[in-house]
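S.K.: With the input below, show me the fold.
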Amino acid sequence: EIARAIAEFRSLYPDVKLVLREASGRAQVEDIDDRLLDIGFMRSRAKPVLPRDLIAQPFLRERLFVGVPPDQRLAAQETVDLTDLTGEPMVFYSTERSLFTGELMALMRERGVEPNVAQVASDVSTLFGLAAAGIGVMVLAESLCNLQSAALAYRPLTGVTMMLWLVHHVSDLTLPCRHF
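M.R.: The predicted model follows:
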């Protein structure tokens, strides 16, 4: 959905140059607050707590999926419940780089599942590689399932969603930001 929004924006405003970069949740918020970035995206269940001059608007509600090797036991299931992850070794994106990981761990604990952290990665491609190598189960947002890997099977988590928030300044938006 983000890729489609960017493609649509580029076709409507071909003279506007978009600069895209990955940043951790905290660094991204600081950069938006300091006006080094116009907008950012954050995943969380609830509206993120932000500095006074910033606002988060709902952009996309996404289902969560597990990514596992095709021969892993969860790949045989049509859907996966969070309780199915009990005791499963898992790979996570660094909590220093992502609010998503902290939210996911809190959600698991709310459902009575203590995360079994096999490995933490600070790069998304490393996370996919670790899951494909069987180091642990990966939980990801539905849009990331588009990063297909022949070495992974994706199964939806039942009853679990995460909101993707569009974060920007409350006022004094740049012209491109107003039209995104």
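
S.K.: Run through the neighbouring helices and strands of the longest strand along the chain.
M.R.: Longest strand in the chain, counting residues (DSSP state E): strand 153-169. Contacts defined by 3 or more C-beta pairs under 8 Å, 6 or more residues apart in numbering; DSSP states H and E place strand 153-169 against helix 25-33, strand 39-44, strand 54-68, helix 99-110, strand 138-141. C-beta: built from backbone N, CA, C; applies to glycine.

S.K.: Need the residues that contact the last one.
M.R.: Strand 138-141 is touched from outside by 43, 62-68, 85, 90-91, 100, 104, 127-128, 130-131, 152, 154, 157, 162, 164, with contacts defined as C-beta atoms under 8 Å, 6 or more residues apart in numbering.

S.K.: That one pairs with which strands, parallel or anti?
M.R.: Applying DSSP bridges to the sheet, strand 138-141 is found paired with strand 54-68 (antiparallel).

S.K.: for the chain, which spans come out with low pLDDT?
M.R.: Applying pLDDT under 70 to the chain picks out residues 1, 148-150, 176, 179-180.

S.K.: Compare the helices and strands packed on strand 153-169 and report which one is nearest to L147.
M.R.: Of all those, it is strand 138-141 that lies closest to L147, at 8.6 Å by C-beta to C-beta.
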